[in-house]
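# Below: sequence and its predicted model.
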Amino acid sequence: MNVIIKPIITEKTSLQNSIGKYSFEVKKSARKATIRKEFEALYGIKASDIKTQITTEKVRSFGRKGVLVKRESTKRALISVEKGKTIDQFKIKQK
């Protein structure tokens, strides 16, 4: 499957983790049903809600010479778990 690429760790997502919402970067072609199946297989906890978001690509200039740097578009999934359940984003359930 390999739909979930990596967890997104920021200040905002750390606050959301305390209320049972976890953010992951996923493949652009991923659908909510496949994200749900892989999440439940990896962590062994049932996902109660999944919201997805596609970020747009941006081009920015840096430095004196105005070097253009391109940030590619990605897809994120915000996964909610049942109340009272938590996961460790860095530990994956062993099969």
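In hand now; what should we look at? Please read these numbers as outputs of a predicted model, since none were measured by experiment.

# nearest spatial neighbour of Arg60, skipping sequence neighbours?
Spatially, and ignoring its direct neighbours in sequence, Arg60 is nearest to Val69 (5.5 Å; C-beta to C-beta, 6 or more residues apart in numbering). All C-beta atoms are positioned from the backbone trio N, CA, C, and that covers glycine.

# isn't there a helix covering the one you found?
No: using DSSP: H, G, I helix; E, B strand; the rest coil, the secondary structure at Val69 is strand, not a helix.

# Next one: the residue nearest the centre of the chain from Lys83, what distance?
The centre of the chain sits closest to Phe24, judged by C-alpha atoms, centre = their mean, with a distance of 1.1 Å. According to C-beta to C-beta, to the nearest Å, Phe24 stands 20 Å off from Lys83.

# which stretch of helix or strand covers Gly84?
If you go by DSSP states H and E, Gly84 is not part of any helix or strand.

# phi, psi of it?
phi 90, psi -10 (degrees, to the nearest 10).

# what does Gly66 give?
phi 70, psi 50.

# Could I get the contacting residues of the nearest residue to Ile50 once chain neighbours are set aside?
Nearest residue to Ile50, sequence neighbours excluded (C-beta to C-beta, 6+ apart): Lys32, at 4.8 Å. Lys32 is in contact with 50, 52, 77, counting by C-beta atoms under 8 Å, 6 or more residues apart in numbering.

# For Gln53, see how far away Lys32 is.
Taking C-beta to C-beta, one finds Lys32 at 12 Å from Gln53.

# what's the neighbour count on the residue lying closest to Val67 once chain neighbours are set aside?
Closest residue to Val67 apart from its sequence neighbours, by C-beta to C-beta, 6+ apart: Ser61 at 6.6 Å. Burial of Ser61 is recorded as 10 neighbouring residues (other C-beta atoms under 10 Å).

# Just confirm Ser61 is within a strand.
Yes: looking at Ser61 with three-state DSSP, it is inside a strand.

# where's it relative to Lys70, distance?
Here Ser61 is placed at a distance of 11 Å from Lys70 (C-beta to C-beta).
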